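J.: Please find the sequence and the predicted model below.
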Amino acid sequence: MNPPDEPDGTRGSSGPDGPGRAGAALLVSGALGMGHEVTAQACARSLESRGWSARTVDAMRLLGPRAGGAGEKVFRTMIAVPGLYDAFHFAALRPGNRLALLADAAARRRLVPALAGYLDANPADLAISVFATGAAAVSEIAGRYPAMAHVVLCRDATPHRLWVHPHVDLYLVTSHVAECAIRRFQPGAAVRVVPSPVRPAFHAAPARTEARAGLGIPDRAGCVLLMSGGWGLGPVAEAAAALGDAGVHVLAVAGRNAGLEAALRAVQQRQPRVRAFGFTDRVAELMAAADLVVTSSGDTCAEARVVGRPLLILDIVPGHGRDNLQHELEQGHARVTSADSEAVVTNALAALRDAPGAGAADSPGREGGADPAAVSRRRGGAAGWEAAFSAALADVGLAAPATSAGRVTR
């Protein structure tokens, strides 16, 4: 929407990045898995460190209990039927065919009044949409709030059509491929390629020896962190049991999947090498203790790279998950496995044999299980995101430019 600058050349600039009052930001997320929530949390922390106030709204909840619940149920059903979500994603969402646009319009009709009411009561200088439906709704009501900048942050390797809308001041993406996907639908868009935002706990993860001591895992034992997003998709319990039987220590996380947590607790009772966790804020510690992270494609992959742990990625998330998986493999220090327990165990054991330093105590200058670039990523990753985020705020007139990190192109 690119409203005119205020007299001082900024638009609600704030904190150490610019003159003027601290800004107010609204983050529009969506409760479909943990990915959008984690991204919103990372942005909120970055804003708050600059003196901003940051509030997050869940677009699925704003839709109302019936519509929001129905939306999640439809999504869960589609990914549970082999091939169904792949067909919808690649044939409908990616090109933005009539079916996708109708679904988007239906959600937007419900979301726009609620979102406008929220913004009327809680004015914002900046809206950051980390959920496609949220981006559509903010775009539609942008003219009502001409002083509010709108940024869309998408971490998918190939954003689909419903991420791209008019009245977006800046798109933040994490790869050149994603930039090209945005330009497919909006050739003149302002796009900045930025590092993936990762929560501070992962940049401050403990040393392997310290993490293992806290968890009671022997220094020289092979250890795997096994998880699959907030929904706990795939054969996590079966793979945990088989890996434990094979002599591997397993830190198994169920996320918000209560049924999976119960199954993992039962495995833990039988197999003492398996440690079961439900929804936990200790993932950085668990990751630091592990030689290998077995997970689905998503935010955990970026977190594992910061901590310096190699990845074994479950081919379990259809649609955008398949694009993201390919992108993770391209970045290196990652393998892929089919999502059945036998394949997971076979590939995990092979990855453990090949992992640098796996099962070995810390040695000077490196950690067991870490890939060669781990130390530099841990030191520079947080700074890289913060520098790019400052530059993004400057792009939309909300902060003084502190760096030229990343690039913005039109």
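T.: Received the coordinates, thanks.
J.: Only C-alpha atoms from now on, for both contacts and neighbour counts.
T.: Will do.
J.: Which helix in this structure has the most residues?
T.: In the chain, taking DSSP state H as the definition, the longest helix is helix 98-121.
J.: If you count contacts, what does that helix end up packed against?
T.: Applying 3 or more CA pairs under 8 Å, 6 or more residues apart in numbering; DSSP states H and E, one finds that helix 98-121 makes contact with helix 59-62, helix 132-140.
J.: And the longest one, what's buried?
T.: Read that as helix 132-140. Neighbour counts using 16 or more other CA atoms under 10 Å place 132-140 of helix 132-140 among the buried residues.
J.: Equivalent analysis for the shortest one, please.
T.: Buried positions in helix 59-62, judged by neighbour count with 16+ other CA under 10 Å: 59-62.
J.: pLDDT and distance to Gln326 for those - can I get that in TSV?
T.: Below are those laid out as TSV (pLDDT from 0 to 100; distance: CA to CA, whole Å):
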residue	pLDDT	distance to Gln326
Ala59	89	28
Met60	84	28
Arg61	85	32
Leu62	85	33
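J.: Sheet partners, orientation included, of the helix or strand Ala276 falls within?
T.: Taking DSSP states H and E as the criterion, Ala276 maps to strand 274-277. Taking DSSP bridges as the criterion, strand 274-277 forms sheet pairs with strand 249-253 (parallel).
J.: Heading C-terminal from the strand it pairs with, find the next helix or strand.
T.: Past strand 249-253, further along toward the C-terminus, the next helix or strand under DSSP H and E is helix 258-270.
J.: returning to that earlier point: name the helices or strands packed onto the first helix or strand past the longest helix of the chain going along the chain?
T.: As assigned by DSSP H and E, the chain's next helix or strand after helix 98-121 is strand 126-129. Counting contacts by 3+ CA pairs under 8 Å, 6+ apart, strand 126-129 packs against strand 24-29, helix 132-140, strand 149-153.
J.: how about 6 Å then?
T.: strand 24-29, strand 149-153 (3 or more CA pairs under 6 Å, 6 or more residues apart in numbering; DSSP states H and E).
J.: how about the ones you listed, which one is nearest Gly247?
T.: For Gly247, the closest of the helices and strands packed on strand 126-129 is strand 24-29, at 40.7 Å, according to CA to CA.
J.: between the buried residues of helix 132-140, which is closest to Gln271?
T.: Ala132 (42.2 Å).
J.: Kindly state the beta-bridge partners for the closest residue to Val28 other than its chain neighbours.
T.: Nearest non-adjacent residue to Val28, counting by CA to CA, 6 or more residues apart in numbering: Ser129, 4.7 Å away. Going by DSSP bridges, Ser129 is paired in beta bridges with Val28, Val152.
J.: Quick one: neighbours of Ser129, just the number.
T.: Neighbour count for Ser129, taken as other CA atoms under 10 Å: 32.
J.: Ok, Gly278 next?
T.: Gly278: 20 neighbours (other CA under 10 Å).
J.: Verify the contact between it and Asn257 for me.
T.: No: counting by CA atoms under 6 Å, Gly278 does not reach Asn257; the two are 7.6 Å apart.
J.: where does Thr367 land on pLDDT?
T.: To be clear, residue 367 is Glu; Thr isn't right here. On pLDDT, Glu367 comes in at 42.
J.: now the one 3 residues further on
T.: The predicted structure scores Ala370 at 47 on the pLDDT scale.
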